[in-house]
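Trainee: turn this into a model:
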Amino acid sequence: MRWVKLAGAAVAALSALVIAAGLAIYLGGDRAAAWVLEHPGSALLGRRIAIGGPLTIAWGDPTRIVIHDLRVANASWGSQAQMLSVKTLAIEISPASLIAGPIQIPRLVLQGARLVLETSAEGEGNWKFSTGTPKQRSEFPELQHFEVSDSTLIYRNGRTKAETTISVRTLALDAPDAKGPVKIAGNGAFQALPIGLSGTVGPLQTLRGSNQPYPVAFDVGLAALDLSFQGGIAHPLDFSGVDLRFSFGGQGFEKLGDALGLPLPAVPDVRGTSVLAGGNGSWQLNSISLKVGHSDLEGGIDIDTSQEVPKLAANFTSGFIDLADFRGIYGGNPKTSPAQEHAAQGGRVMPNTPIAVHKLPDVNATLEFYGTRIKAAGDLPIEGITLGIAIQNGQLVIDPLRFHVALGDLALKATYDPFTRTSPPRLHADGDISHIDLHRLFGAPTMPEIVRRTAGTVGGFIKFDATGVSLRQFLSDMNGDAALFIANGQLSDLLQKLAPIDVLGALGVYARGDRSVPVDCFVARFGIRNGVATASTLLAKTPGTTIVGSGNVNFGSETLYLDFKPHNNDFTPLTLHTPIDVRGTLRKPEFHLESGGLIARLGAAAGLGVLFPPAALLPLIDAGLGPSNACTAAYARQVTPGVSTPQAGSSEPPRR
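Mentor: Numbers count the residues shown, from 1 in each chain. Model prediction:
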């Protein structure tokens, strides 16, 4: 990581200054050492170096120097006055090595250090000193023991104002043998997440040049995640020529996403392996193999950090996806059952958990994904999924999200704008349902027999704009248009099983035993305003009855206010039916028989064509049902000139 390399460079520069102070001590004592650090040292860096406490020296082999309250000024444009502050710095130097070389530092200890690495709004780094520090890597001293305690490293992006904070409780590096491996161990916090690490790297001596890659092996625990790295780095001081195999697993990837500023949704346990390769700003995560809950993913990621705005391109495929593992994408919790989630949401249907995308990362990214075997709730026959995601200039675009299901397609395109100073996140979405076969959709052997008798061809669309940070908030605020069409359908007595009264019988639709009632056409079209979907057209036609509906669905309160009135296609005294009203909530709808109004139901359905204007049929063509569909045929012959029955839904019922 960039800030790790920069922190190492800062420590190297600090070591060089302290060594210069050691020479001054050798020649002129502690006062001379302080003068060297505060004057020639300041001139060397182009930053003011100050010592607020005592500087002491204990002569010997090694010689021990202790400095209290050391401060190095930040760049003039920096967010804080000090780039580096150290409560106590203790260093041991072999005097003979100052002359004969290489410089030997048996021990370097920092207590209460605070290092701020940052860039300006123009991208300039505060670690770029005016006269520079030693540029030859061979000048890096040999360090046997390095220890940091109760310290903080901050990396701040001046353009995006994003900050990364690492708190170090303890960090120790031990290299007792210059030709042997170096042991590293530490613990602390990364963006408030507890972190611990242990591992080994190659001899410090080989950092300066070797024909073999520099060996690296680390185990890292980050919150509830475990990561393991092993491999080599061809040019370790430049952190290039990287070839590291790593594995990871555990829970809480969404917490890691929050720490990194990435929009990672809540997912179940994740396990995976990959290979990190590259350097000099160009990185590749190759051979990625992931197991997310019961789902699997394979692919790779290319990362380019050499430009002002980093670029990321990911490509994944899957042999099996369980959609329940990804409920966190829309604000659900994949670790709970639907019943537990409903209870956690206070009995509401729509989850109110904030969706992971609060603030998009400062990258331009693309993701392409294709899955072939999909498991959905109720074993719905989803035969494939295609997903394309792009983050460009702070905007998230989903194009497409397409499910191939039951010989048809369910497609979505969406654009998401995150928080701004003046408005909450905004979502625009266009969804289409095209030519889905209901019998195939609900025909799985695991489906109840009452559901498996359902049939028909479905099409439809939804277009809306909304604001919010959760699915419930989006639905409560949305404005748009939606429609659903079913042609050549079959209706079992499923509705009757769901309702406490004889709903189908009251409406004049009878389904007895395994004899389903044909539904020539069902059309529902809603205008959506401020989260309330009001029916402009809501009709169903069976061979004996035409049912006209009106009312609305309030997604904010999750309440229903719908009325359904049956009209006899061919009147007889035995075909007098009763209107039904639906109230209650999405979670628990209530059905009631409407009393009175018998005279209004005596006429046949002739003239209902004006309730269903021909223009309302046009979207059927776009929905994949074609120009010659059952809905067109069912209602075209109902048009009776001169009939002026009010249009369904023209008088909006009160919002409930």
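
Trainee: check contacts around L197.
Mentor: 184-187, 218-221 (CB atoms under 8 Å, 6 or more residues apart in numbering). For every residue, glycine as well, the C-beta is placed using N, CA and C.

Trainee: swap in 6 Å and give it another go.
Mentor: Residues in contact with L197 (CB atoms under 6 Å, 6 or more residues apart in numbering) are 186, 220.

Trainee: against D174, how distant is it?
Mentor: Between L197 and D174 the distance is 14 Å, computed by CB to CB, to the nearest Å.

Trainee: repeat for K375
Mentor: Relative to D174, K375 is positioned 50 Å away (criterion: CB to CB).

Trainee: just R159 next, same as before
Mentor: Computed with CB to CB, the distance linking R159 and D174 is 39 Å.

Trainee: with P566 instead?
Mentor: P566 sits 85 Å away from D174 when distances are taken as CB to CB.

Trainee: more neighbours: which of these two?
Mentor: Here P566 and D174 are set side by side on neighbour count (other CB atoms under 10 Å), and the busier one is P566, at 24 against 17.

Trainee: would you check that that one makes contact with T546?
Mentor: No. At 7.4 Å, P566 and T546 do not qualify as touching, with contact defined as CB atoms under 6 Å.

Trainee: flag every buried residue along whatever helix or strand T366 lives in.
Mentor: According to DSSP states H and E, T366 maps onto strand 364-371. Of the residues in strand 364-371, those with enough neighbours to count as buried (16 or more other CB atoms under 10 Å) are 364-367, 369, 371.

Trainee: farthest-apart pair in the residues you listed, please.
Mentor: Spatially, the most separated pair among these is N364 and G371, at 24.6 Å (CB to CB).

Trainee: got the domain boundaries for this protein?
Mentor: Per the record, the chain has its domains at 1-174, 456-465+481-636, by automatic domain parsing.

Trainee: least confident of those domains, on average?
Mentor: Mean pLDDT is lowest for domain 456-465+481-636 out of these, coming in at a mean of 72.

Trainee: just the helices in the protein please.
Mentor: Assigned helices in the chain, in chain order: 2-28, 30-38, 40-45, 95-100, 253-260, 338-344, 438-441, 449-452, 471-477, 494-498, 503-507, 618-620, 630-636 (criterion: DSSP state H).

Trainee: roughly how far does the closest residue to I436 other than its chain neighbours sit from F326?
Mentor: Nearest residue to I436 in three dimensions, chain neighbours excluded: G408, at 3.4 Å (CB to CB, 6 or more residues apart in numbering). With distances taken as CB to CB, G408 is found 22 Å from F326.

Trainee: repeat for L401
Mentor: Summarising the geometry, the distance separating L401 from F326, computed by CB to CB, is 12 Å.

Trainee: and what of P518?
Mentor: When distance is defined by CB to CB, P518 is 37 Å away from F326.

Trainee: same drill for those two, tell me which one is more crowded.
Mentor: Set side by side, P518 and F326 show more neighbours around F326, with 18 against 15, by other CB under 10 Å.

Trainee: give me the pLDDT value at the more buried one.
Mentor: With respect to pLDDT, F326 scores 76.

Trainee: do A224 as well
Mentor: The confidence metric pLDDT takes the value 83 at A224.

Trainee: same question, the one 5 residues further on
Mentor: Confidence per residue is given as pLDDT, and for F229 that number is 92.

Trainee: and V242, what does it touch?
Mentor: 233, 276-279.

Trainee: dump those to JSON lines, plus neighbour count.
Mentor: Rendered in JSON lines, the data for those read as follows (neighbours: other CB atoms under 10 Å):
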{"residue": "I233", "neighbour count": "21"}
{"residue": "L276", "neighbour count": "17"}
{"residue": "A277", "neighbour count": "17"}
{"residue": "G278", "neighbour count": "19"}
{"residue": "G279", "neighbour count": "15"}
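
Trainee: including pLDDT and distance to S167, could those residues go into CSV?
Mentor: Converted to CSV, the contacts of V242 look like this (pLDDT from 0 to 100; distance: CB to CB, whole Å):
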residue, pLDDT, distance to S167
I233, 91, 26
L276, 91, 25
A277, 94, 30
G278, 91, 29
G279, 86, 28
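
Trainee: which one of those residues is nearest to G556?
Mentor: When the contacts of V242 are compared for distance to G556, the smallest value, 46.6 Å, is given by L276; criterion: CB to CB.

Trainee: could you give the number of residues near K565?
Mentor: Per other CB under 10 Å, the neighbour tally for K565 reads 20.

Trainee: doesn't V548 make contact with it?
Mentor: Yes. Using CB under 6 Å, K565 makes contact with V548 at a distance of 5.2 Å.

Trainee: and P62, how far from K128?
Mentor: 32 Å.

Trainee: again, but for K311
Mentor: Relative to K128, K311 is positioned 24 Å away (CB to CB).

Trainee: higher neighbour count, those two?
Mentor: For K311 and K128, the more surrounded residue by other CB under 10 Å is K311, and the numbers stand at 15 against 11.

Trainee: what's across from the nearest residue to the more buried one once chain neighbours are set aside in the sheet?
Mentor: What sits nearest to K311 in space, not counting adjacent residues and going by CB to CB, 6+ apart, is D304, at 4.4 Å. Each beta-bridge partner of D304 is listed here: S282, K311, as defined by DSSP bridges.

Trainee: shift numbering so it begins at 839
Mentor: Got it, the first residue is 839 from now on, which makes the last one we talked about D1142.

Trainee: any idea how many residues pack against V1039?
Mentor: Should you count by other CB under 10 Å, V1039 turns out to have 20 residues around it.

Trainee: that one and S1144, how far apart?
Mentor: As defined by CB to CB, V1039 lies at a distance of 26 Å from S1144.

Trainee: could you do G1117 as well?
Mentor: Applying CB to CB, one obtains 11 Å for the distance of G1117 from S1144.

Trainee: just E1428 next, same as before
Mentor: 62 Å.

Trainee: same question for R1165.
Mentor: Separation of R1165 from S1144 (CB to CB): 37 Å.

Trainee: with neighbour numbers in mind, choose between those two.
Mentor: Just comparing R1165 and S1144: by other CB under 10 Å the higher neighbour count belongs to R1165, 22 against 10.

Trainee: thinking again about what came up before, okay, the buried residues of strand 1202-1209 in TSV with distance to L922 and pLDDT next?
Mentor: Conversion of those to TSV gives the following (distance: CB to CB, whole Å; pLDDT from 0 to 100):
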residue	distance to L922	pLDDT
N1202	33	86
A1203	34	88
T1204	39	92
L1205	39	90
F1207	44	92
G1209	49	91
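
Trainee: could I get the residues you listed in TSV, plus columns for distance to L1377?
Mentor: Supplementary listing: these in TSV, determined by distance: CB to CB, whole Å:
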residue	distance to L1377
N1202	47
A1203	45
T1204	43
L1205	41
F1207	39
G1209	37
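
Trainee: which single one of these is nearest to A1282?
Mentor: Set against A1282, the nearest of the buried residues of strand 1202-1209 by CB to CB is G1209 (18.6 Å).

Trainee: beta partners for the closest one?
Mentor: Counting by DSSP bridges, the residues bridging with G1209 are S1156, I1223.

Trainee: what's the answer for F1402, then?
Mentor: With DSSP bridges as the criterion, the beta-bridge partners of F1402 are G1387, I1418.

Trainee: and what of the one 4 residues further on?
Mentor: Here N1406 sits in beta bridges with T1383, A1442, as judged by DSSP bridges.

Trainee: for it, grab the count of nearby residues.
Mentor: Per other CB under 10 Å, the neighbour tally for N1406 reads 19.

Trainee: so what's L927 closest to, chain neighbours aside?
Mentor: Going by CB to CB, 6+ apart, L927 has I905 as its nearest residue, at 4.6 Å.
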